[in-house]
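Participant: fold the following and give me the result.
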Amino acid sequence: MTEWLVRHFIRNHDRTSDPAVRTSYGQFAGAVCIVCNVLLCLAKGAIGLIAGSVSIVADAVNNLSDAASNIVSLLGFKLASRPADPEHPYGHGRYEYLAGLVVAALVLAIGINLVTSSVGKIANPAPTGFSPALVAVLALSIAVKLWMASFNRALGRRIDSDTLEATAIDSRNDVISTAAVLACACVSHATGIDLDGWAGLAVGAFICWSGVGLLRDTVSPLLGQAPSPELVEHIRTKILSYPGVLGTHDLMVHDYGPGRQFASAHVEMAAEADPLESHDLIDNIEQDFKTADGLIVTLHYDPIVTDDPEVADMRNWIGQAVKIIDPRLTIHDLRTVPGTTHTNVIFDCVRPQDLNLTDSQLKRRIDQIVRDHYPKTIAKVTIDESYVSSQQ
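Facilitator: Numbers count the residues shown, from 1 in each chain. Next up is the predicted model:
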């Protein structure tokens, strides 16, 4: 059904890298979820009021909050699609992250309210009605929410949207909470033990827990989280796939919203090659990223001496030796300055941000390793921070 809806309601649905198509996906998902949640809210609210069940009313209110969240998400996709302007030269893509933050806050607020209502029901219990209609509505709600979770997950993965992925998780959580309400209603009817208030409390607590998780997930990209290891590996592999590229380092990825990422990196190429040809190759790599990945990449040319075997051997040895300190350490831009009494070997070392050494301690450790192997050599090391995943 999801595939049928996508083909009939989203124009150019296969061009998911197109920002306009991506916006259409987000808005369509929001509209579908709003309709489903409003209908579920009306059905469960009516049954809950007739039966006098606070847990069912709580579940209906949860659906209403979901509809409000879908409206916020829809607006977020719409605002995020606005083009760049002089005040926002990188576009408005982070509106989608802000929309996710508002959704998380709404979910948390609803959860707190439901917890308060349920505590009141526990303190002052009242008989809860039970009917086949109640069971039917809750069972229908579970089925609809299961489909919504699958629907949002499928669309979220197509366009790589954390907002839709979060909506899918929220729908899955609703299945769990509604199933708990239905189970408690059946147990209460069969045993006469009133579990309605406790069920409402459990649902409210579960919503609060989900809200906190969503807050954490939406705040992270706004604060500038590291790019995914998959994206980092894709960029590195693609750069290194070009003939003439010897290495790449100092990769930085800036996220201005889904589908609006910018990257910069240094590319090592032979110093003996024609600089005009090297520059032309770098231009081709940048254009390839823009055309194939929709990623704007700025590359810096680093010339590397390749016709001196002693320098090449030293570069390779030091590159492996520093991994004794930490296997994630890498070096780049190595060059030598020979003197009458000693040789300075100058290079940069990239350290992960969670390394348990200060820059000064790391420099001393590296210098000692180099001295032990090359007695008449002094290491002049510049420490760089890694701005990508420390798992590499």
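
Participant: where does pLDDT dip in the stretch 151-300 of the chain?
Facilitator: The model of the stretch 151-300 of the chain has pLDDT under 70 over residues 196, 259.

Participant: so which residues of it form strands?
Facilitator: Ranges of strands in the stretch 151-300 of the chain, per DSSP state E, counting those that start in this stretch, are 245-255, 261-270, 296-304.

Participant: what's the angle from the second one to strand 296-304?
Facilitator: I take that to be strand 261-270. 20 degrees (axes from the mean of the first three to the mean of the last three CA atoms, to 10 degrees).

Participant: got the CA coordinates for strand 261-270 in CSV?
Facilitator: The C-alpha trace of strand 261-270 is given here as CSV (Å, rounded to 0.1, in the frame of the first residue of the first chain):
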residue,chain,number,x,y,z
GLN,A,261,25.6,19.2,4.0
PHE,A,262,28.9,20.8,3.1
ALA,A,263,32.3,19.2,3.4
SER,A,264,36.0,20.1,3.1
ALA,A,265,39.1,18.0,3.0
HIS,A,266,42.8,18.0,2.1
VAL,A,267,43.9,15.9,-0.9
GLU,A,268,47.5,14.7,-1.1
MET,A,269,48.9,14.5,-4.7
ALA,A,270,52.5,14.1,-6.0
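
Participant: that one pairs with which strands?
Facilitator: As defined by DSSP bridges, the strand partners of strand 261-270 come to strand 245-255 (antiparallel), strand 296-304 (parallel).

Participant: could I get the strands of the stretch 151-300 of the chain in JSON lines, plus columns for mean neighbour count and distance to Ile10?
Facilitator: Quick note: C-beta positions are derived from backbone N, CA and C, even for glycine. Formatted as JSON lines, the strands of the stretch 151-300 of the chain follow (neighbours: other CB atoms under 10 Å; distance: least, CB to CB, whole Å):
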{"stretch": "strand 245-255", "mean neighbour count": "18", "distance to Ile10": "25"}
{"stretch": "strand 261-270", "mean neighbour count": "19", "distance to Ile10": "23"}
{"stretch": "strand 296-304", "mean neighbour count": "17", "distance to Ile10": "26"}
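
Participant: redo those strands as TSV? Include distance to Phe151.
Facilitator: Below are the strands of the stretch 151-300 of the chain laid out as TSV (distance: least, CB to CB, whole Å):
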stretch	distance to Phe151
strand 245-255	26
strand 261-270	26
strand 296-304	32
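
Participant: ok, back up a step: for Pro221, find the nearest of the strands paired with strand 261-270.
Facilitator: Pro221 sits nearest to strand 245-255 of all the strands paired with strand 261-270, at 6.0 Å, using CB to CB.

Participant: what sits up against that closest one?
Facilitator: Applying CB atoms under 8 Å, 6 or more residues apart in numbering, the external contacts of strand 245-255 come out as 90, 221, 224-225, 227, 231-232, 235-236, 239-240, 261-270, 281, 285, 300, 302, 304, 306, 330, 332-333, 348, 350, 384, 387-388.

Participant: returning to that earlier point: got the strands paired with strand 261-270 as CSV, with distance to Ala202 columns?
Facilitator: Shown next, in CSV, are those (distance: least, CB to CB, whole Å):
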stretch, distance to Ala202
strand 245-255, 37
strand 296-304, 48
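
Participant: any idea which of these gets closest to Leu114?
Facilitator: Leu114 lies closest, by CB to CB, to one member of these: strand 245-255, at 34.1 Å.

Participant: the strands paired with strand 261-270: which one's closest to Leu155?
Facilitator: Using CB to CB, the strands paired with strand 261-270 put strand 245-255 closest to Leu155, at 20.6 Å.

Participant: in contact with Val6, which residues?
Facilitator: Residues in contact with Val6 (CB under 8 Å, 6+ apart) are His13, Tyr25, Phe28, Leu155.

Participant: let's see 7 Å
Facilitator: His13 (CB atoms under 7 Å, 6 or more residues apart in numbering).

Participant: how about the host helix or strand of it: buried residues?
Facilitator: Assessed by DSSP states H and E, Val6 sits inside helix 2-9. Using 16 or more other CB atoms under 10 Å as the test for burial, helix 2-9 gives Val6.

Participant: show me where this structure has helices.
Facilitator: For the chain, applying DSSP state H gives helices covering 2-9, 19-51, 54-80, 95-123, 132-159, 162-191, 196-223, 229-240, 275-293, 309-321, 359-373.

Participant: could you dump those to TSV with distance to Leu251?
Facilitator: As requested, the helices of the chain are exported to TSV (distance: least, CB to CB, whole Å):
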stretch	distance to Leu251
helix 2-9	34
helix 19-51	24
helix 54-80	25
helix 95-123	22
helix 132-159	24
helix 162-191	22
helix 196-223	18
helix 229-240	6
helix 275-293	12
helix 309-321	17
helix 359-373	20
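
Participant: deepest of these, which one?
Facilitator: Most buried of the helices of the chain by mean neighbour count (mean count of other CB atoms under 10 Å) is helix 54-80; its value is a mean of 24.

Participant: what helices and strands are in contact with it?
Facilitator: If you count contacts as 3 or more CB pairs under 7 Å, 6 or more residues apart in numbering; DSSP states H and E, helix 54-80 packs onto helix 19-51, helix 95-123, helix 162-191, helix 196-223.

Participant: can you put those in CSV and add distance to Ser360?
Facilitator: Below are the helices and strands packed on helix 54-80 laid out as CSV (distance: least, CB to CB, whole Å):
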stretch, distance to Ser360
helix 19-51, 46
helix 95-123, 37
helix 162-191, 39
helix 196-223, 28
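
Participant: domain parsing of this structure, as residue ranges.
Facilitator: Domains of the chain are assigned by automatic domain parsing as 2-223, 226-303, 308-392.

Participant: got a pLDDT number for the spatially closest residue to Arg260 that is not a sequence neighbour?
Facilitator: Closest residue to Arg260 apart from its sequence neighbours, by CB to CB, 6 or more residues apart in numbering: Gly93 at 3.8 Å. Listed pLDDT for Gly93 reads 76.

Participant: what's Gly93 sitting at in phi/psi?
Facilitator: Backbone torsions for Gly93, taken as degrees, to the nearest 10, come to phi -60, psi -30.
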